[in-house]
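Trainee: Next comes the sequence, and after it the predicted model I'd like to discuss.
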Amino acid sequence: MKINGQAYRTIWLAQDGWRVAVIDQTKLPFRFETVTLGSAEQAAEAIRSMVVRGAPLIGATAAYGVALAMRVDASDGALEAALALLGATRPTAVNLHWALARMRDRLAPLAPEERMAAAYEEAAALCDEDVALCRAIGEHGLGIIREIAAGKQPGERINLLTHCNAGWLATVDWGTALAPIYLAHDAGIPIHVWVDETRPRNQGAALTAYELGSHGVPHTVISDNAGGHLMQRGEVDMVIVGTDRTTATGDVANKIGTYLKALAAHDNGVPFYVALPSPTIDWSLSDGLREIPIEERSAREVTHLAGLSEDGEVGTFRIVAPGSGAANPAFDVTPARLVTGLITERGVAPASSEGLARLFPDLARGAAA
Ligand SMILES: CSC[C@H]1O[C@H](OP(=O)(O)O)[C@H](O)[C@@H]1O
């Protein structure tokens, strides 16, 4: 995607040809800074600290983290150690574990001296594929937006609501939930996006608003608690969100607060769509509520707010009464019954095992084997 006219991906090889450059998303939207990763340990820390975040981008960063490890030591032991280090960074996004399994499948059969080049090649291929998958999600999601537009008066604004950041910053490029929005905007469809701020890390207020503003998409940031109210007043035509792990039966793990939006959408008859590339589907799971691991992050993310002070300094400010504790589950699970459809690179599927198996018979069968 473009920032000030310059095209970016979220992850790329540095000029030295072996270190990995990423955008430091903890500094956005106030500072656009890049970080160069030179080791698997630095890649792991970038994932843990959310310098990079978003399920597909976490997977891509981990893949390059394995390549960085192979530069130093390509032995079987070093490969397993890198996979374990990176696999332990964040539990919910299945793309991380999918990417690491793909790196293991490619590298384990090779002689150690062949592993470094193969690792960089596989990580680059994974990134290129993610761009294509997300672009395809955009096309299929655009079809849904066009259907909604057809039911409106010519030129009447279409209001979408999204939660957290499932834009190009969460992937290698294009994004998942935001890909259809970019394509609809570029096609001249009059859309507007309600952007949930998304407490506690405010990925919506900081990242989605930054993305949409950079692309010229009309949008309004709202508190997380306002979405249901807007739906009751008929001011939301469609909810579209991303996901970090979706089960083979269509249960959706996504940023905390997504479930509440799905309940409000269901109660108000608002279509609730989830956009995801197939690596985000965990074919081994059928009961998301019981089986998807939910990351518990630091209480400090709830008790403190990161932002720009009046004098232009980026800092964190305590907002919770001193002495009060905080809980910080980072994701929740929306049951398939509340999901209108799953927008994938192969089309839109009902949120069900039948719906997903029809679109992905090869993947569903492989998991069943
Ligand atoms: C396309 S994945 C986006 C997904 O990832 C976010 O989580 P985090 O910012 O903690 O990595 C959020 O759940 C988004 O929907």
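Mentor: Arrived safely, thanks for sending.
Trainee: For burial, what's the neighbour tally of the residue nearest to Glu295 when sequence neighbours are not counted?
Mentor: Take Glu295 and drop its neighbours on the chain: the residue closest to it by CB to CB, 6 or more residues apart in numbering is Ala330, 4.3 Å away. (Each C-beta comes from the backbone N, C-alpha and C, glycine too.) Residues contacting Ala330 under the criterion other CB atoms under 10 Å number 20.
Trainee: Does Ala330 touch Glu296 like I think?
Mentor: Yes. Under the criterion of CB atoms under 8 Å, Ala330 makes contact with Glu296 at 7.0 Å.
Trainee: How much space separates whatever residue of the stretch 251-369 of the chain ends up closest to the ligand from Lys261?
Mentor: Closest residue of the stretch 251-369 of the chain to the ligand, CB to the nearest ligand atom: Lys255 (3.4 Å). To Lys261, Lys255 is 10 Å away according to CB to CB, to the nearest Å.
Trainee: Pull up the overlap in contacts between those two.
Mentor: His163, Val241 (CB atoms under 8 Å, 6 or more residues apart in numbering).
Trainee: Which strand or helix spans the nearest residue to the residue of the stretch 251-369 of the chain closest to the ligand once chain neighbours are set aside?
Mentor: Closest residue to Lys255 in three dimensions, ignoring its sequence neighbours and counting by CB to CB, 6+ apart: Cys164, at 3.7 Å. Counting by DSSP states H and E, no helix or strand carries Cys164.
Trainee: Any figure for the gap between Cys164 and Glu313?
Mentor: Counting by CB to CB - Cys164 and Glu313 are separated by 26 Å.
Trainee: if you count what's nearby, which of these two comes out ahead?
Mentor: Counted by other CB under 10 Å, Cys164 and Glu313 do not tie: Cys164 has more neighbours, with 29 against 9.
Trainee: Tell me the confidence at the more buried one?
Mentor: If you check Cys164, the pLDDT there is 98.
Trainee: how far away is it from the ligand?
Mentor: Separation of Cys164 from the ligand (CB to the nearest ligand atom, to the nearest Å): 4 Å.
Trainee: show me the contacts for that residue.
Mentor: Asp196, Thr198, Gln203, Gly204, Thr208, Val241, Gly242, Asn254, Lys255, Gly257, Thr258.
Trainee: State the three-state secondary structure for the fourth one.
Mentor: Three-state assignment for Gly204 (DSSP: H, G, I helix; E, B strand; the rest coil): helix.
Trainee: Tell me who's in contact with it.
Mentor: Thr162, His163, Cys164, Asn165, Val195, Asp196, Glu197, Thr198, Val221 are the contacts of Gly204 under CB under 8 Å, 6+ apart.
Trainee: Likewise for the last one?
Mentor: Residues touching Thr258, when contacts are defined by CB under 8 Å, 6+ apart, comprise His163, Cys164, Val241, Val252, Phe331, Asp332, Thr334.
Trainee: now the fifth one
Mentor: Each residue near Thr208 by CB under 8 Å, 6+ apart is listed here: Thr162, Cys164, Asn165, Ala166, Gly167, Leu178, Val193, Val195, Thr198, His219.
Trainee: what ranges do the strands span in the stretch 151-300 of the chain?
Mentor: In the stretch 151-300 of the chain, the strands defined using DSSP state E, counting those that start in this stretch lie at 158-162, 191-196, 219-222, 238-241, 245-247, 252-255, 272-275, 281-282.
Trainee: Parallel or antiparallel, which strands does the third one pair with?
Mentor: What that stands for is strand 219-222. Next to strand 219-222 in the sheet, as set by DSSP bridges, lie strand 191-196 (parallel).
Trainee: The partner strand: how far from the chain's middle?
Mentor: In terms of CA atoms, centre = their mean, to the nearest Å, the centre of strand 191-196 is set 17 Å apart from its chain centre.
Trainee: which parts of the stretch 201-350 of the chain sit against the ligand?
Mentor: Gln203, Val241, Gly242, Asp244, Asn254, Lys255, Ala330 (CB under 6 Å from any ligand atom).
Trainee: Selection in ChimeraX covering whichever of the contacts of Thr258 are buried, please.
Mentor: Buried residues among those (16 or more other CB atoms under 10 Å), as a ChimeraX selection:
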select :163,164,241,252,331,332,334
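Trainee: Pick out whichever of the contacts of Thr258 sits closest to Glu354.
Mentor: Among these, Val252 lies closest to Glu354 (CB to CB), at 16.5 Å.
Trainee: what pairs with the closest one across the strands?
Mentor: Beta-bridge partners of Val252, as defined by DSSP bridges: Thr246, Thr334.
Trainee: surely it meets Phe331?
Mentor: No. Applying CB under 8 Å as the test, Val252 and Phe331 come out as separate, 9.8 Å apart.
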